[in-house]
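1. Output the structure for:
(one chain, ligands or ions: 2)
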Amino acid sequence: MRQLAPKLTYPVFLIDDLSELLSWIKEQPFSGIRILADENTAQFCVPKFHRKFADNEQFKIISGEHNKTLEACVPVWTWLGDTLTSRNHCLLNVGGGVVGDLGGFVAATFKRGVPFIQVPTTLLAMVDASVGGKVGIDFRHYKNQIGAFAHPKSVFIFPGFLETLPIRELRAGLAEIIKHHLIADKDAFFNLIETPEEEINLIQLIEHSIKTKASIVLQDEQEQSIRKVLNLGHTVGHALESYFLAHHPEQSLLHGEAVAVGIIAEAYLAYVMKLISPTELDNIVSLILRYFVIPVWQSFEDEDIIQLMYHDKKNKSHTILFVLLDGLGKARIDIPVEKWLIMESLRFAQSLRESEQ
Ligand code: NAD
Ligand code: ZN
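-> Ligands and ions are numbered 1, 2, ... in the order given. You can find the predicted model right below:
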């Protein structure tokens, strides 16, 4: 059991056996545990604990971003209300970012807060969602509109969970890893370019991403300034994700996939503003296209996607503000970008749709 980000106020452990998590829990003053999962993590991940949990100890939500809603919280609160005998029970969120965000939000708000532990089971949740203390749900298709900053008691990363994760979900996690490299570590970015997919060392990438995220979060927990760099790719990414959730639920677009397209569009903005060179733009585009397919939307829908960007939490007084790269390995925050240029960046991303695939 190794602690990955010792300066955070809660421990983030990398473990190679889930018994280490159960032993840690035994040493805590919890009066019991409850497990929140979705149908996939209940099937593939919970059994890996090799411990039988009673029926009332576990609860399943339906998987998927379209279920990260207030409506999906209600049965979880009800279950906690029916089965918790004290506020000292700890909720284990065993799942990807959806279970972690929703479960963390439910725990943070139930009776003004019960303890919770994040047990991420997707690469994306291991490298990003489980660390940083943001919990929440989507509202009216707008991403993460309702939520809180709430720290888990701990985070346990067990890479063995990734054995059953579909390749598309695994690649979605790479989007946040690429984001961390782009904002903080140019050398790691070039290493990733040079590494074929089958030679990628996931454990190394998980450790690197958590360290990167922790060091940024520690400087600005409540996202007043520097923490905003973690939103690279997300102004466009969240708008695309919301757009597909609302209009094309049948053509699912994963959070990581939306961020990947967002990174391309926002790299294009940085290139037009002469913050990165044409070669740097090419490097970013070719790495992303190695792992992601650009989704289809129509040019007349660009306006709708831009309207969704006005709901981004980083904006001020009706101006869309971006995080833009400033060379590779560095980023600037709060950069206003005009609508016509945002449109152009969406068209640039779309132009890569057929030509390169
Ligand atoms: P997810 O939670 O939807 O999980 C992806 C899919 O994989 C689901 O169908 C799930 O059931 C399945 N799954 C999970 N683990 C599995 C396993 N080990 N084996 C087989 N199947 C498994 O998606 P995600 O990509 O993990 O998370 C995306 C969410 O995270 C988004 O809502 C995003 O907004 C949020 N997020 C939050 C933060 C934060 O700081 N709180 C940061 C980044 C992303
Ligand atoms: Zn993200």
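2. Run through who's touching stretch 89-97.
-> Applying CB atoms under 8 Å, 6 or more residues apart in numbering, the external contacts of stretch 89-97 come out as 25, 28, 30-38, 41, 45-46, 63, 80, 99-100, 103-104, 106-107, 114-122, 124-125, 128-130, 153, 169, 255. (C-beta placed from N, C-alpha, C; glycine too.)
3. what about Asn88, how many neighbours?
-> Number of residues near Asn88 (other CB atoms under 10 Å) recorded here: 13.
4. hang on, it packs against Ser31?
-> Yes: counting by CB atoms under 8 Å, Asn88 touches Ser31, with 4.4 Å between them.
5. Now for Thr319, how many residues are close by?
-> 12.
6. for it, what are its contacts?
-> Pro336.
7. Quick one: low-confidence residue ranges for this structure.
-> Residue ranges of the chain with pLDDT under 70: 354-357.
8. gap between the most centrally placed residue in it and ligand 1?
-> For the chain, the residue sitting closest to the mean C-alpha position, by CA atoms, centre = their mean, is Ala129 at 4.1 Å. The gap separating Ala129 from ligand 1 is 3 Å, by CB to the nearest ligand atom, to the nearest Å.
9. ok, now how distant is that residue from Asp304?
-> For Ala129, the distance to Asp304 equals 26 Å [CB to CB, to the nearest Å].
10. about what we covered before: select from the contacts of stretch 89-97 every entry located in strands.
-> Using DSSP state E, the subset of the contacts of stretch 89-97 located in strands is 32-38, 116-120.
11. From those, list the ones also adjacent to ligand 1.
-> Asp38 (CB under 6 Å from any ligand atom).
12. ok, which residues in the protein are in contact with ligand 1?
-> For the chain, the contact set with ligand 1 under CB under 6 Å from any ligand atom comprises 38, 40-41, 44-45, 63-65, 68, 95-99, 101, 121-122, 124-125, 128-129, 132, 134, 143-144, 161, 164-165, 169, 172, 254-256.
13. now the strands for this structure?
-> Applying DSSP E to the chain gives strands spanning 2-3, 12-14, 32-38, 58-61, 89-95, 116-120, 134-139, 142-149, 154-157, 321-325, 331-336.
14. how about the fifth one: buried residues?
-> Residues 89-95 are the ones in strand 89-95 that count as buried (16 or more other CB atoms under 10 Å).
15. Same question for the third one.
-> For strand 32-38, the neighbour count (16+ other CB under 10 Å) marks 33-38 as buried.
16. which residues of the protein fall in helices?
-> Ranges of helices in the chain, per DSSP state H, are 19-26, 39-44, 70-83, 97-109, 123-124, 167-184, 186-194, 202-219, 234-247, 255-272, 278-291, 302-309, 339-355.
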